[in-house]
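*Asks:* Prediction below, plus the sequence it came from.
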Amino acid sequence: MPYVAKVQRHVMFPHRKYIVLYDDLATTNNATFQWIWHTLGTNRMGSGGSFDYTVRPYLPDWAYPWSNVTVHVFQVVNPNLLAVTNRQGANVYINPYTGMNLSAYATYDSVAPMTNAVWVTNITPTNQFHFMTVIYPVKPGDTDPTITRVDDYTVHVVQGANDDVISADPTTSPPTFLLNLTGPTLGNSQLSPPSDLRVAP
């Protein structure tokens with residue numbers, strides 16, 4: 001794809017409890033950018049590409065150590081800017097935008113077949129876009145987080161005694177991030193990761 005100018009993924013791991021992804025994307029021509037998440041189980045869809053699901057064993061004798069963990073996936077970008085498709089059944093391996101069918105790889109390397117594929121895209125083609133996503137797994141018996149969008153670049157995450165605000169500054173290149181984290185082991189900490197920090201997708 002010669003028109004792709006930038007694909008950068010930044011990963012944060014607050015409290016070692018949940019993940020914040022920031023995908024910074026650019027092209028030389030206006031384009032539709034795609035974000036995808038595969039799940040095994042039943043998705044409970046929210047708005048704007050946000051959803052949660054509970055991890056279940058694929059077969060009765062599969063003893064996942066993470067079975068019955070509920071995963072909350074939250075898109076921070078304004079939901080009015082996003083189109084969402086939850087592919088299921090025979091369509092789960094088909095790209096809804098290109099039509100490419102990858103069902104031939106459904107059992108590749110003995111991986112459990114997917115039951116859902118959530119595709120999130122920008123509605124209006126543009127040459128620059130970002131996705132900011134909170135992925136918060138919750139063990140059985142733990143309290144669900146409250147995840148609130150502040151703006152397209154800032155999210156407020158509260159769970160138990162942890163109270164966090166995470167923001168990105170898109171005016172810098174690469175973007176800079178500010179993490180205001182509060183918790184029983186942190187007190188009140190303000191963290192700015194190194195500007196050259198990179199984690200490959």
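*Replies:* Here it is on my side, so go on.
*Asks:* only C-alpha atoms for contact and neighbour calcs from this point on.
*Replies:* OK.
*Asks:* Hmm, V120 is touching T85, no?
*Replies:* Yes. Using C-alpha atoms under 8 Å, V120 makes contact with T85 at a distance of 6.6 Å.
*Asks:* which one of those two has more residues nearby?
*Replies:* V120 (22 against 14; other C-alpha atoms under 10 Å).
*Asks:* which residues touch that one?
*Replies:* Residues in contact with V120 (C-alpha atoms under 8 Å, 6 or more residues apart in numbering) are 34-36, 49, 82-85.
*Asks:* In strands, which of the residues you listed appear?
*Replies:* If you go by DSSP state E, the contacts of V120 have 34-36, 82-85 in strands.
*Asks:* quick one: low-confidence parts of the chain?
*Replies:* Scanning the chain for pLDDT under 70 picks out 1, 56-67, 107-113, 185-201.
*Asks:* Can you tell me the SS state at the residue most central in space within it?
*Replies:* Here the mean C-alpha position of the chain is nearest to the C-alpha of T133 (C-alpha atoms, centre = their mean), at a distance of 3.8 Å. Look at T133: counting by DSSP: H, G, I helix; E, B strand; the rest coil, its state is strand.
*Asks:* Mind listing the residues bridging to it?
*Replies:* L21, Q75 (DSSP bridges).
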